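Asker: from the sequence below, what's the structure:
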Amino acid sequence: MAKEAKKEPQELTVEQKLKALFQLQTMLSKIDEIKTLRGELPLEVQDLEDEVAGLSTRIDRIKAEVAELRTAIASKKVEIEASKASVAKYKEQQDNVRNNREYDFLSKEIEFQTLEIELCEKRIKEFSEEEAEKSAEVEKSSVALEERQKDLDVKKNELDEIVSETKQEEKKLRDKAKELETKIEPRLLQSFKRIRKNSRNGLGIVYVQRDACGGCFNKIPPQRQLDIRSRKKIIVCEYCGRIMIDPELAGIAPEVKEEVVKEKPTRSRKKAASAE
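Answerer: Model prediction:
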């Protein structure tokens, strides 16, 4: 007996299901409004966080390249000192050569070491210029990083303020929405969520407005309107796929159709009397 007394979601009438769905739609729309209030802030915060992370990575990479260039410059300076020492040694040996062959060999070695010194000096100049450029780039990126970090802090504070203001209200709405979901059969709820997800304005259930679907505004045939008002079965718009209900079920006062009433021509009393 206890099991029979318990009312399962599928035991609801079609009217009750539709009403529950519309109430759920109302809760979800209010949650969407709260998200709209936050606007693009969450995306802006995410973009700024990505940009800050990217700049930090870039600065670290350039600093590593600068360190490598400085190491290369120091290495070239060591090579220059070694070549200079070799040149001095070869020149000293030239003073004690025994024949022209030895002299020519030492002369070629001196020439080679001199070219090595010139090449190292050229590389040092190139590395120094590149180091200066990269150091300037690090400084520029550091300034940009500082600015972006400030922007990020401002945006985060704005977002935190909005979230703190709406967090409690959003929680209440989500709790009510979850409670309503338990009253709706899973298959119908799943269909409603799918329709809502595919809808641009996030509406999965709409009420009839001026004999048309409240979602896509296509005209609804009179017989279909009667079916909607009867609340005996779930009616879906054949154009947009949204579930349709009548305005009264949605708590909307029925619209009064403005019709131009043509006055019937009345015969005057005199004309009527003469006719008699």
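
Asker: show me where the stretch 151-276 of the chain has its helices.
Answerer: 186-198, 222-230, 269-275 (DSSP state H, counting those that start in this stretch).

Asker: from Leu43, how far off is Glu33?
Answerer: Computed with C-beta to C-beta, to the nearest Å, the distance linking Glu33 and Leu43 is 17 Å. From N, CA and C alone the C-beta is placed, and that goes for glycine too.

Asker: over to Ala144?
Answerer: 20 Å.

Asker: which one of these two is surrounded by more residues?
Answerer: Ala144 (15 against 10; other C-beta atoms under 10 Å).

Asker: now that one: which helix or strand?
Answerer: In the assignment (DSSP states H and E), Ala144 maps to helix 100-181.

Asker: packing partners for that helix?
Answerer: If contacts are counted by 3 or more C-beta pairs under 8 Å, 6 or more residues apart in numbering; DSSP states H and E, helix 100-181 sits against helix 14-38, helix 41-94.

Asker: list the buried residues of the first one.
Answerer: By neighbour count, with 16 or more other C-beta atoms under 10 Å as the criterion, the buried positions of helix 14-38 are 17-28, 30-31, 34.

Asker: and for stretch 70-84?
Answerer: So stretch 70-84, judged by 16+ other C-beta under 10 Å, has buried residues Ala72, Ile73, Lys76, Glu79, Ile80, Ser83.

Asker: cool, stretch 159-175 as well?
Answerer: Leu159, Ile162, Thr166, Leu173.

Asker: ok, stretch 172-191 next?
Answerer: By 16+ other C-beta under 10 Å, the buried positions in stretch 172-191 come out as Leu173, Lys176, Ala177, Leu180, Glu181, Lys183, Ile184, Leu188, Leu189, Ser191.
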